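Undergrad: build the 3D model from these lines:
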Amino acid sequence: MDGAAAAGLVGRTCGRPGAGAPDFTAVMVGDDGAGTLVIRVETPNFEELSRGVLVNIGLDTDQNPATGRQDRNRKGIEYLIVAEGRDGEASLARWDGAAWDWLDSPVQFRWSFGFTVALDLADIGSPRGFNFWVGAWANYDWDSDNNDRLPGDQAGRGAATWTYQVGTAAAPPLSFPLDTGDFIIEYVQSDNPHTRGLIDWVKESGRLDRLVRVLNSTYVLPEDIHVYVQEIGEPNAFYSPGYRAIVMAPELLDMILGLFNREYRWDNPDDASNHALQAVEWIFLHEAGHALIDVLDIPITGLEEDAADQFATMTMLRLDRPWPAYSGAILFRALAQNRGGPGATDYWDEHALHEQRDTNILCWLYGYDPFEFVFIPTRFPDATDRIERCGAEYQQVKSSWQTLLAPHAKWDHPRRLVPWREGLTRWGSQAT
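TA: Next comes the predicted model:
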């Protein structure tokens, strides 16, 4: 890279094309005037971030090389942004005088023939300006002490530190929306001891909290969506577009558990409780599907209730957790058995019939894993024609949701969505 610093396009590099590590051809920096900093580095030889690639951006936010982390070639770094191909995410650390303190502050990160990071200037101390350095490596293995690293380009290394003064350049254009929202769950306690026990049961299970973390680590949201586990006087769950809120009534869990105990025989008494909690997980994702369709303006054809059923089931299958979807299916079967035959109003309801929702989910489960759910064809001997098509139907539904959600995923490439935190799997990695 040449040594002259400038705002906006700060430099170009001859780099090491073909060396097997990212080759920088341009580095751009700017802010939007409202507190968001954006740094864009072009790497035409790297289409996407792959495992073993490591990117560092060092920020000298007091513009004093005598303070901050003192490395041989990078002096005075107060903040460090690290992105690497192991999990496809970026993290922010602050030098505390002795070690890096990893912060919870969000760093939004995408890679597409280069990488773009966006973060709040307030998270790095609201500097008026800063010096910075960018570096990349390949063949990096966090789990090994012996790394045969291939050095990529170094922008602003050593004496050639790049400088940016806040407000002197517009932010480089973003190819992705900023993530300014989250699912936020709240357990609202009740004066009723029985209801309070149900709320505590859901909370202590941690099941909804885990799903909230999965959704927040997967999707870019323009605003918060609140989730209230709250007594409402009836067994229900719903999404309110006006309040951008999901309500999960503990009375629903009570109703499901009672229904399961009446309609089914269980080898183990705990089985009914486990299936009831799993059904609540599926119902929550159904309501989350409504919420995402609303706030992300996702186009659908057909009934939104059918689309939300698909979202809930595909999300569980993507997590390699088919059994909560199965619990949702047997809930609809139990509701159908408890109701008797459908009445005239049932045919006009925006929801499909209980029997249809049951068999739709079972079809997708069989298409997902015909070995795990080998019993389904035996249970429905008259449904041979559809069951034979369940594999293709599952693939079609999965692919459709992939396409619809890809622009809103926290990952840049439409063919590869979020590498999951907490060891969760990606779309497309399931048995079919």
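
Undergrad: counting by contacts, list what the longest strand that the chain contains packs against.
TA: In the chain, taking DSSP state E as the definition, the longest strand is strand 129-138. Strand 129-138 sits against strand 36-42, strand 54-60, strand 150-155, strand 162-165, with contacts defined as 3 or more Cβ pairs under 8 Å, 6 or more residues apart in numbering; DSSP states H and E. Just so you know, the C-beta spots here come from the backbone N, C-alpha and C atoms, and that holds for glycine as well.

Undergrad: can I get the ones you listed in a markdown table with mean neighbour count, mean pLDDT and distance to T378?
TA: Below are those laid out as a markdown table (neighbours: other Cβ atoms under 10 Å; pLDDT from 0 to 100; distance: least, Cβ to Cβ, whole Å):
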| stretch | mean neighbour count | mean pLDDT | distance to T378 |
| --- | --- | --- | --- |
| strand 36-42 | 21 | 87 | 56 |
| strand 54-60 | 24 | 87 | 51 |
| strand 150-155 | 21 | 50 | 55 |
| strand 162-165 | 19 | 86 | 66 |
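
Undergrad: please enumerate the strands of the stretch 201-350 of the chain.
TA: Counting by DSSP state E, counting those that start in this stretch, the stretch 201-350 of the chain has strands at residues 225-229, 237-240, 245-248.

Undergrad: ok, L317 - contacts?
TA: Shown here is L317, whose contacts under the criterion Cβ atoms under 8 Å, 6 or more residues apart in numbering are A325, W364, L365, Y368, Y394, K398, Q430.

Undergrad: for burial, what's the neighbour tally of the third one?
TA: Just to be clear, that refers to L365. L365: 23 surrounding residues under other Cβ atoms under 10 Å.

Undergrad: in which helix or strand would I find it?
TA: helix 354-368 (DSSP states H and E).

Undergrad: okay, that helix in PDB with CA atoms only?
TA: Extracted as PDB, the C-alpha positions of helix 354-368 are listed here (Å, rounded to 0.1, in the frame of the first residue of the first chain):
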ATOM      1  CA  HIS A 354     -56.000 -29.600  12.700                       C
ATOM      2  CA  GLU A 355     -55.800 -32.800  10.700                       C
ATOM      3  CA  GLN A 356     -54.000 -31.000   7.800                       C
ATOM      4  CA  ARG A 357     -51.500 -29.200  10.000                       C
ATOM      5  CA  ASP A 358     -50.700 -32.600  11.700                       C
ATOM      6  CA  THR A 359     -50.100 -34.300   8.400                       C
ATOM      7  CA  ASN A 360     -48.200 -31.400   6.800                       C
ATOM      8  CA  ILE A 361     -45.700 -31.400   9.600                       C
ATOM      9  CA  LEU A 362     -45.400 -35.200   9.500                       C
ATOM     10  CA  CYS A 363     -44.800 -35.100   5.700                       C
ATOM     11  CA  TRP A 364     -41.900 -32.600   6.100                       C
ATOM     12  CA  LEU A 365     -40.400 -34.700   8.900                       C
ATOM     13  CA  TYR A 366     -40.500 -37.800   6.800                       C
ATOM     14  CA  GLY A 367     -39.000 -35.900   3.900                       C
ATOM     15  CA  TYR A 368     -36.300 -34.600   6.200                       C
END
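
Undergrad: for it, list every residue counted as buried.
TA: Applying a neighbour-count criterion of 16 or more other Cβ atoms under 10 Å, one finds 354, 357-368 buried in helix 354-368.

Undergrad: can you pull out the helices in the chain?
TA: 193-205, 207-218, 250-263, 269-295, 304-318, 322-339, 344-348, 354-368, 375-379, 384-405 (DSSP state H).

Undergrad: turn those helices into a markdown table, including distance to V82.
TA: Output for the helices of the chain, formatted as a markdown table (distance: least, Cβ to Cβ, whole Å):
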| stretch | distance to V82 |
| --- | --- |
| helix 193-205 | 34 |
| helix 207-218 | 17 |
| helix 250-263 | 41 |
| helix 269-295 | 29 |
| helix 304-318 | 27 |
| helix 322-339 | 34 |
| helix 344-348 | 55 |
| helix 354-368 | 36 |
| helix 375-379 | 46 |
| helix 384-405 | 27 |
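
Undergrad: closest to I57 out of the ones you listed?
TA: Ranking the helices of the chain by proximity to I57 (Cβ to Cβ) places helix 207-218 first, at 21.5 Å.

Undergrad: which strands or helices does that closest one pack on?
TA: Partner elements for helix 207-218 (3+ Cβ pairs under 8 Å, 6+ apart): strand 183-187, strand 225-229, helix 269-295.

Undergrad: return the first one as PDB; C-alpha atoms alone will do.
TA: This file holds the C-alpha atoms of strand 183-187, laid out as PDB (Å, rounded to 0.1, in the frame of the first residue of the first chain):
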ATOM      1  CA  PHE A 183     -36.100 -10.600  20.000                       C
ATOM      2  CA  ILE A 184     -36.300  -9.700  23.700                       C
ATOM      3  CA  ILE A 185     -38.000 -12.200  26.100                       C
ATOM      4  CA  GLU A 186     -39.600 -11.300  29.400                       C
ATOM      5  CA  TYR A 187     -41.300 -13.600  31.900                       C
END
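
Undergrad: given it, what are its sheet partners and their directions?
TA: Neighbouring strands of strand 183-187 in its sheet, by DSSP bridges, are strand 225-229 (parallel).

Undergrad: quick one: average pLDDT of the partner strand?
TA: The average of the pLDDT scores along strand 225-229 is 98.

Undergrad: give me the contacts around that strand.
TA: Identification of contacts with strand 225-229 by Cβ under 8 Å, 6+ apart yields 181-188, 199, 202-203, 208, 212, 243-248, 250, 284, 288, 291, 295.

Undergrad: over to stretch 202-222?
TA: Residues from elsewhere that reach stretch 202-222, judged by Cβ under 8 Å, 6+ apart: 108, 176-185, 187, 227, 229, 248, 250, 253, 277-278, 280-281, 284-285, 288, 292, 295-296, 315, 319, 405, 408-410, 417-418, 420-422, 424.

Undergrad: repeat the analysis, applying 6 Å as the threshold.
TA: 177, 179-183, 185, 187, 229, 277, 281, 284, 408, 410, 418, 421 (Cβ atoms under 6 Å, 6 or more residues apart in numbering).

Undergrad: now, the most widely separated pair of those residues?
TA: Most distant of these, by Cβ to Cβ, are P177 and L277, 33.8 Å apart.

Undergrad: give me the more crowded residue out of these two.
TA: Higher neighbour count among P177 and L277: L277, with 19 against 13, using other Cβ under 10 Å.

Undergrad: per-residue confidence for that one?
TA: 97.

Undergrad: against K410, how distant is the residue nearest to the spatial centre of the chain?
TA: With distances taken as Cα atoms, centre = their mean, the residue of the chain nearest its centroid is T218 (0.8 Å). Remark: distance between T218 and K410 (Cβ to Cβ, to the nearest Å) = 6 Å.
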